[in-house]
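K.L.:
Sequence plus predicted model, see below.
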Amino acid sequence: MALLEVSNLGIAFGGLQAVSQLDMTIEKGHLYGLIGPNGAGKTTVFNMLTGVYRPTEGNIILDGKDITGKNPEAISKAGIARTFQNIRLFNEMSVLDNVKVGMHNQVPYGLWTGILRLPAYREKEHEMNRKAHALLKIFDLDEQADLKASQLPYGKQRKLEIARALATNPKLLLLDEPAAGMNPNETEELMQTVRSVRDQFGIAILLIEHDMNFVMGICEEIMVLDYGRMIARGDGKAIRNNPKVIAAYLGGD
Amino acid sequence: MALTRLKHMKKTTRSNLITFGIVIVFYLVVEALMAGGLTSSSFEGQLVPICAYVVLAISLNLTVGFLGELSLGHAGFMSVGAFAGVLLWTVLGKTLPAYVALPLAFLAGGLVAGIFGVIVGVPVLRLSGDYLAIVTLAFGEIIKNIINACYLGYDENGLHFSLTDAASMGLAPDGTTLINGAMGITRITKASTFTMGIALVLITLVVILNLIHSRTGRAVMAIRDNEIAAQSVGVDLTRYKLTAFVISAVFAGFAGVLYALNYSSLVARRFDYNTSIQILVFVVLGGMGNIRGSIIAAALLTVLPEMLRGMDDYRMLIYAIVLIVMMIFNQSPQIVAWRKRVAARFTRKKGAPAPQKEVA
Ligand SMILES: Nc1ncnc2c1ncn2[C@@H]1O[C@H](COP(=O)(O)OP(=O)(O)O)[C@@H](O)[C@H]1O
Ligand SMILES: [Mg+2]
């Protein structure tokens, strides 16, 4: 059974049908790319998968459980984590605390344990600190653990968002334009990191990205969206040579 | 890695210890001055209100600075807490020893204020958007008007209550009036002391600081910084908004009891819109999310008008200047940077390892 089964998914905003009749299958441990022109509906797909928008039609099944129309909090608990196209960090909190908020449901303890500093408090905080530092290290952020998130340079903010998403211990990670605004070196580095995250954590990753080297370089399967419909899916080579994709997005050169 | 962690723990622990230290030193100095007969009676009269306003400012900071929601009705929670606590004190104080009746009065004040926190918070905090300010504003005014119209008394037939006037309570001639409409509660046996006030400040500090540096506190601040992101990592928005708001109300209730038991009478008029705004001013001037700032702003701005009483003509002028200076001290980017540099030099001198990442 696939990790994620999306069938006939669609959403309309008033008169605008932003996504329609979308079918998608995602297997555990694989890397997928979602590409398409601006306004094609890619971010909207993420928003439906994570409960930010409620689909007007179709189903989303994660690991055999129907999560269609559930709220973002429930979907996080079910095992989907994401980053945002416009970075959304907890800006006034430290880099370390950003990741610790990500562990909210992974290392839980109650209100009174915190207020009264019961023995579990030390234990759980210690566990969180240890795990958070390990995650930050993967993204080369451990040196900046005590900085405010807003003090990080742009590229590092994008990485912190991924670290925070991973802290929720997801089965599926959604990355919305993770390389946007990065220079070629940073992009190259991020490719390595994304690949190694998939290998280390054994999770599935679905990413939206305009940088074709990035997408072709790491994604095993690519889906192309145009006007809210999937017009093609396949490996890099098939996508690159697909006349529909060339016409709609890649353009001729 | 272990070192960064240690440094991080140390930094917040150190900062918290300084905050506790300030309160305790203030207490000891004032006690010493009083013992030496060096304080005026008007200053002594301000000591309990100072503690009450410090607790109010800290608790409001939880809602405004840490949750990021605007509340304009903190005095309303103070009011319901004060009335609940004083009523219990009046009734139980006669039969029970003070060391039992007083804590019960405080608990009653906190509990009732907390219940009102739930009543106000549940419908409002479930909505996204800035509705809390307007609803808390209305809450404060409604509470004031309702209590102003309350008549409550008891005689051998039990409790009597009316919302029109004293006569319609139908109290027996030998009955006792508890709340007399706009005249409120009178002939209260004063019970608040400076020591009690400081104890409440310290308890408030322990609870709120521990809360902030816990999983719950992080969830609350995450909501403040970005609701959508907080939800995306599995934080229940309503639950944590409500938790912060209700705890904030509970401590306003405690402060209300402390404040009310410092006087022989209690009227609802005292807890109006202006009082709510005054508490908010303490929080804003002390710095949002800055507990120590709240304490200092509340204490300073509570004593100041009293201390300036002698110089009538300049009183409000000096008050205004102090407000402006505090605002600049806390908000101006240059001054904040300068304070950080001074603090860094100060800690280095004491032999602590020099902070290396100041530049980034
Ligand atoms: N909340 C919304 N309300 C109305 N229209 C929306 C909303 N969100 C997205 N859309 C529309 O849906 C379409 C797809 O947007 P989006 O998913 O952001 O595109 P992409 O991420 O592929 O660039 C756009 O036409 C956009 O204007
Ligand atoms: Mg997009």
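P.N.:
All right, it came through fine. If you're wondering where the values come from, they're calculated on a predicted model, not measured in any experiment. Ligands and ions are numbered 1, 2, ... in the order given.

K.L.:
just for the stretch 251-360 of chain B, where's the confidence low?
P.N.:
Of all residues in the stretch 251-360 of chain B, those with pLDDT under 70 make up the ranges B:309-316, B:330-331, B:343, B:346-360.

K.L.:
mind listing the helices in it by residue range?
P.N.:
Remark: helices assigned in the stretch 251-360 of chain B by DSSP state H, counting those that start in this stretch are B:273-286, B:291-307, B:315-331, B:333-349.

K.L.:
out of these, nearest to residue B:145?
P.N.:
Each of the helices of the stretch 251-360 of chain B has some distance to residue B:145 by Cβ to Cβ; the shortest is helix B:273-286, at 11.7 Å. Using the backbone N, CA and C atoms, a C-beta is placed for each residue, glycine as well.

K.L.:
Flag every buried residue along that closest one.
P.N.:
For helix B:273-286, burial by neighbour count (16 or more other Cβ atoms under 10 Å in any protein chain shown) applies to B:275, B:276, B:278, B:279, B:280, B:281, B:282, B:283, B:284, B:285, B:286.

K.L.:
What sits closest to the first one if chain neighbours are left out?
P.N.:
Right, residue B:275. Once flanking residues are discounted, residue B:275 sits nearest to residue B:75: 3.8 Å by Cβ to Cβ, 6 or more residues apart in numbering or on different chains.

K.L.:
Can you name the residues that contact the one you found?
P.N.:
B:140, B:252, B:271, B:272, B:273, B:275, B:276, B:279 (Cβ atoms under 8 Å, 6 or more residues apart in numbering or on different chains).

K.L.:
coming back round to it: farthest pair in the buried residues of helix B:273-286?
P.N.:
Among those, B:275 and B:286 lie farthest apart (Cβ to Cβ), at 16.8 Å.

K.L.:
buried sites along the helix or strand that residue A:122 is a member of?
P.N.:
Secondary structure assignment for residue A:122, by DSSP states H and E: helix A:119-138. Applying a neighbour-count criterion of 16+ other Cβ under 10 Å, one finds A:121, A:124, A:125, A:128, A:129, A:131, A:132, A:133, A:135, A:136, A:138 buried in helix A:119-138.

K.L.:
which ones are touching the residue in the stretch 101-250 of chain B that ligand 2 sits nearest to?
P.N.:
In the stretch 101-250 of chain B, the residue that lies nearest ligand 2 is residue B:228 (14.5 Å; Cβ to the ion). Contacts for residue B:228 (Cβ under 8 Å, 6+ apart) come out as A:52, A:72, A:84, A:88.

K.L.:
Let's verify the first one: helix, strand, or coil?
P.N.:
Reduced to three states with DSSP: H, G, I helix; E, B strand; the rest coil, the structure at residue A:52 is coil.

K.L.:
count of residues packed around the nearest residue to it once chain neighbours are set aside?
P.N.:
In space, and not counting its chain neighbours, residue A:52 is closest to residue A:72: 5.8 Å by Cβ to Cβ, 6+ apart. For residue A:72, the count of nearby residues is 24 (other Cβ atoms under 10 Å in any protein chain shown).

K.L.:
With residue B:243 instead?
P.N.:
Counted with other Cβ under 10 Å, residue B:243 comes out at 21.

K.L.:
and if you look at residue B:96?
P.N.:
Neighbours of residue B:96 (other Cβ under 10 Å): 14.

K.L.:
helix, strand or coil for it?
P.N.:
Assignment for residue B:96 (three-state DSSP): coil.

K.L.:
try residue B:235
P.N.:
Residue B:235 - assigned by three-state DSSP - is coil.

K.L.:
ok, for it, nearest residue in space, not its chain neighbours?
P.N.:
residue B:219 (4.8 Å).

K.L.:
Which residues are in contact with the nearest residue to residue A:42 once chain neighbours are set aside?
P.N.:
Distance criterion Cβ to Cβ, 6+ apart; nearest residue to residue A:42, sequence neighbours excluded, is residue A:208 at 4.7 Å. Counting by Cβ under 8 Å, 6+ apart, residue A:208 touches A:33, A:34, A:35, A:42, A:43, A:46, A:85, A:175, A:176, A:177.

K.L.:
which one of the contacts of residue B:228 is nearest ligand 2?
P.N.:
Closest to ligand 2, out of all of those and judged by Cβ to the ion, is residue A:84, at 9.5 Å.

K.L.:
so when I look at the closest one, I'm seeing a strand, right?
P.N.:
No - secondary structure assignment (three-state DSSP) places residue A:84 in coil, not in a strand.

K.L.:
Show the pLDDT at the closest residue to it other than its chain neighbours.
P.N.:
Setting aside the residues directly before and after it, residue A:84 is nearest to residue A:176 in space (Cβ to Cβ, 6+ apart), at 5.8 Å. pLDDT for residue A:176: 97.

K.L.:
Any figure for the gap between residue A:176 and residue B:82?
P.N.:
As judged by Cβ to Cβ, to the nearest Å, residue A:176 and residue B:82 stand 51 Å apart.

K.L.:
Neighbour count for these two, which is higher?
P.N.:
residue B:82 (34 against 22).

K.L.:
and the angle from the helix or strand hosting the more buried one to helix B:273-286?
P.N.:
Assigning secondary structure by DSSP H and E places residue B:82 in helix B:74-92. Orientation of helix B:74-92 against helix B:273-286 (axes from the mean of the first three to the mean of the last three Cα atoms, to 10 degrees) gives an angle of 120 degrees.

K.L.:
Averaged pLDDT, helix B:74-92. What do you get?
P.N.:
Across helix B:74-92, the per-residue pLDDT values average to 96.

K.L.:
now the helix or strand following that helix, how far from the chain's geometric center?
P.N.:
Once helix B:74-92 ends, the next helix or strand along the chain (criterion: DSSP H and E) is helix B:98-125. How far helix B:98-125 lies from its chain's middle: 13 Å, per Cα atoms, centre = their mean, to the nearest Å.

K.L.:
Which positions in the helix or strand just after helix B:98-125 come out as buried?
P.N.:
Heading C-terminal from helix B:98-125, the first helix or strand you meet, by DSSP H and E, is helix B:132-148. Across helix B:132-148, burial judged by 16+ other Cβ under 10 Å covers B:132, B:135, B:136, B:137, B:139, B:140, B:141, B:143, B:144, B:147.

K.L.:
can you check stretch B:68-79 too?
P.N.:
Under 16+ other Cβ under 10 Å, the buried positions of stretch B:68-79 are B:68, B:69, B:71, B:72, B:73, B:74, B:75, B:76, B:77, B:78, B:79.

K.L.:
Would you double-check that residue A:20 falls in a strand?
P.N.:
Yes - secondary structure of residue A:20 (three-state DSSP): part of a strand.

K.L.:
hey, what's the nearest residue to it once chain neighbours are set aside bridged with?
P.N.:
For residue A:20, ignoring the flanking residues on the chain, the nearest one in space by Cβ to Cβ, 6+ apart is residue A:10 at 4.3 Å. Beta-bridge pairing of residue A:10 under DSSP bridges involves residue A:57.

K.L.:
So what's the gap between stretch A:241-252 and the chain middle?
P.N.:
Distance, centroid of stretch A:241-252 to centroid of chain: 26 Å (Cα atoms, centre = their mean).

K.L.:
Sorry, wrong one. I was asking about stretch B:93-102.
P.N.:
Distance, centroid of stretch B:93-102 to centroid of chain: 25 Å (Cα atoms, centre = their mean).

K.L.:
ok, now which ones touch the residue of the stretch 51-200 of chain A found nearest ligand 2?
P.N.:
When scored by Cβ to the ion, the stretch 51-200 of chain A has residue A:85 as its residue closest to ligand 2, at 4.7 Å. By Cβ under 8 Å, 6+ apart, the contact list for residue A:85 reads A:43, A:176, A:177, A:180, A:208.
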